[in-house]
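[1] Test case, fold it:
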Amino acid sequence: MTINSSFFLSYTKDIFHDSIFYMVNFMKLKALQAIKIMIALAPSLISIYTLYWLQYNEIWTSETAHRGKLSVATLVIGMGLSFLIQSYFKEHQQK
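    Got it, this is the predicted structure:
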């Protein structure tokens, strides 16, 4: 009974190439998922930064009329857009 060493060498080479291929695909999928999460969070972060910027530059003071309502509206718009974007990504992921 003889063992063909070229068979084992090619078999190990195939396993190595397959594992590298799967690893690269896995990393691409995880990077794409991270980019989608950042895109989905962008409207919320922009709305929060907008409120910070308005306060920091003293455009909105405590005497500004309807400041609380406008703050809530800004946050709701940012979070709503983030929700819609995330829902869009999830819907297309399932297809």
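[2] rest of the way, CA atoms for contacts and neighbours
    Noted.
[3] Now do the helices in the chain.
    Applying DSSP state H to the chain gives helices spanning 5-56, 67-94.
[4] will you turn those into CSV that also has mean neighbour count and mean pLDDT?
    As requested, the helices of the chain are arranged in CSV below (neighbours: other C-alpha atoms under 10 Å; pLDDT from 0 to 100):
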stretch, mean neighbour count, mean pLDDT
helix 5-56, 13, 83
helix 67-94, 14, 93
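[5] got a list of what the residue nearest the centre of the chain touches?
    Residue closest to the mean C-alpha point of the chain, counted by C-alpha atoms, centre = their mean, is residue 37 at 1.6 Å. Taking C-alpha atoms under 8 Å, 6 or more residues apart in numbering, we find residue 37 in contact with residue 86.
[6] ok, it to residue 43 distance?
    11 Å (C-alpha to C-alpha, to the nearest Å).
[7] tell me the contacts of the residue lying closest to residue 81 once chain neighbours are set aside?
    Of all residues not flanking residue 81 in the chain, residue 43 sits nearest, at 6.2 Å (C-alpha to C-alpha, 6 or more residues apart in numbering). Taking C-alpha under 8 Å, 6+ apart as the contact definition, residue 43 lies against 78, 79, 81, 82.
[8] I'd assumed residue 36 was in contact with the last one.
    No - Residue 82 is not in contact with residue 36 according to C-alpha atoms under 8 Å; the separation is 10.8 Å.
[9] Quick check: the gap between residue 28 and residue 85.
    21 Å.
[10] likewise residue 47?
    For residue 47, the distance to residue 85 - C-alpha to C-alpha - is 15 Å.
[11] ok, now residue 22?
    Taking C-alpha to C-alpha, one finds residue 22 at 29 Å from residue 85.
[12] returning to that earlier point: distance to residue 68 added to the contacts of residue 43, as JSON lines?
    JSON lines is the format used below for the contacts of residue 43 (distance: C-alpha to C-alpha, whole Å):
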{"residue": "78", "distance to residue 68": "15"}
{"residue": "79", "distance to residue 68": "16"}
{"residue": "81", "distance to residue 68": "20"}
{"residue": "82", "distance to residue 68": "21"}
